[in-house]
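> give me a 3D structure for the following:
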Amino acid sequence: MDVASAKLIGAGLATMALAGVGIGLGMLFSSFLAGALRNPSAAQRIFPNMMLGFALTESVALFALVIAFIILFVPV
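Sure thing, here's the model as predicted:
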């Protein structure tokens, strides 16, 4: 196998984490919305935790992209 094709396959596999991040963000916001609609007075207390969860979930996507770019653009 050629090194260039192996790098492309590796970068593609590294970006598969983005699908999990999309699912995680959808679940995060749907849970927040369901909780806020059931108990609107608790929405202000839940919001900071939701933003923390959003930031941590989004950081996984950024790490996956950084790894994919490292695989693609760092010479062997």
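> quick check: the residue nearest to residue 65 when sequence neighbours are not counted vs residue 52, distance?
Leaving out its chain neighbours, the residue that sits closest to residue 65 by Cβ to Cβ, 6 or more residues apart in numbering is residue 15, at 7.1 Å. C-beta coordinates here come from the backbone N, C-alpha and C atoms, glycine included. Residue 15 sits 25 Å away from residue 52, going by Cβ to Cβ, to the nearest Å.
> repeat for residue 9
Going from residue 9 to residue 52 by Cβ to Cβ gives 34 Å.
> now for residue 20, how many residues are close by?
Other residues within reach of residue 20, judged by other Cβ atoms under 10 Å, total 13.
> where does residue 20 fall, phi/psi-wise?
For residue 20, the backbone dihedrals are phi -70, psi -40 (criterion: degrees, to the nearest 10).
> run a quick neighbour tally on the closest residue to it other than its chain neighbours.
In space, and not counting its chain neighbours, residue 20 is closest to residue 60: 7.6 Å by Cβ to Cβ, 6+ apart. For residue 60, the tally of surrounding residues (other Cβ under 10 Å) stands at 14.
> what comes up buried for the longest helix belonging to the chain?
Criterion DSSP state H: the longest helix present in the chain is helix 43-73. By neighbour count on 16 or more other Cβ atoms under 10 Å, the buried set for helix 43-73 is 50, 53, 57, 61, 64, 67-68, 71.
> coming back round to it: which residues does the residue nearest to residue 65 contact?
64-65, 68 (Cβ atoms under 8 Å, 6 or more residues apart in numbering).
> I'm done for today, thanks for sticking with me.
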